[in-house]
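>>> structure, please.
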Amino acid sequence: MIYFRRKNFSKASKLFRKYRDPITVASVGVSGVNLGINLRRGKNEKKFQKEQIQATNNLTRAIEDSENEKKELLKHKKKLLNQSQKAYVRDNYLPPELEVIKTKVIKKHD
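Numbers count the residues shown, from 1 in each chain. From the prediction side, this is the model:
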């Protein structure tokens with residue numbers, strides 16, 4: 001059986017073997033800090049997402065309310081328009097002379 005020996009191309013491999021345990025402990029520590037930061041960010045993101053959803057719902061309700069107000073205003077305007085466009089009915093309480101003048105004025109404007 002042939003055995004090959006490991007060839008070292010740099011001094012870094014020697015340093016790594018010498019300080020392997022402290023580097024491992026430090027990397028575990030950094031990983032733990034990273035995990036803690038990520039968990040905190042995740043909680044903050046969930047909170048922010050809930051706030052965004054609530055704001056979007058409020059905006060949707062406001063738009064729907066304004067649309068309902070617009071619809072009611074349009075209905076009211078149509079009602080007023082229909083009332084103003086009713087056919088002319090002779091006023092029985094006016095004297096005949098005024099009624100003739102009124103009829104002539106209305107015909108001129110039509």
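
>>> what residue lies at the spatial centre of this protein?
Closest residue to the average C-alpha location of the chain: Thr56 at 4.0 Å, with C-alpha atoms, centre = their mean.

>>> mean confidence score for the helix or strand that one falls within?
Per DSSP states H and E: Thr56 is located in helix 20-84. Averaging pLDDT along helix 20-84 yields 86.

>>> host element of Arg6?
Using DSSP H and E, Arg6 maps to neither a helix nor a strand.

>>> now it: how far from Ile53?
58 Å (C-beta to C-beta, to the nearest Å). C-beta: built from backbone N, CA, C; applies to glycine.

>>> Glu99 too?
66 Å.

>>> what is the neighbour count of Glu99?
Neighbourhood size, Glu99 [other C-beta atoms under 10 Å]: 14.

>>> quick one: neighbours of Ile106, just the number.
Neighbour count of Ile106, defined by other C-beta under 10 Å: 10.
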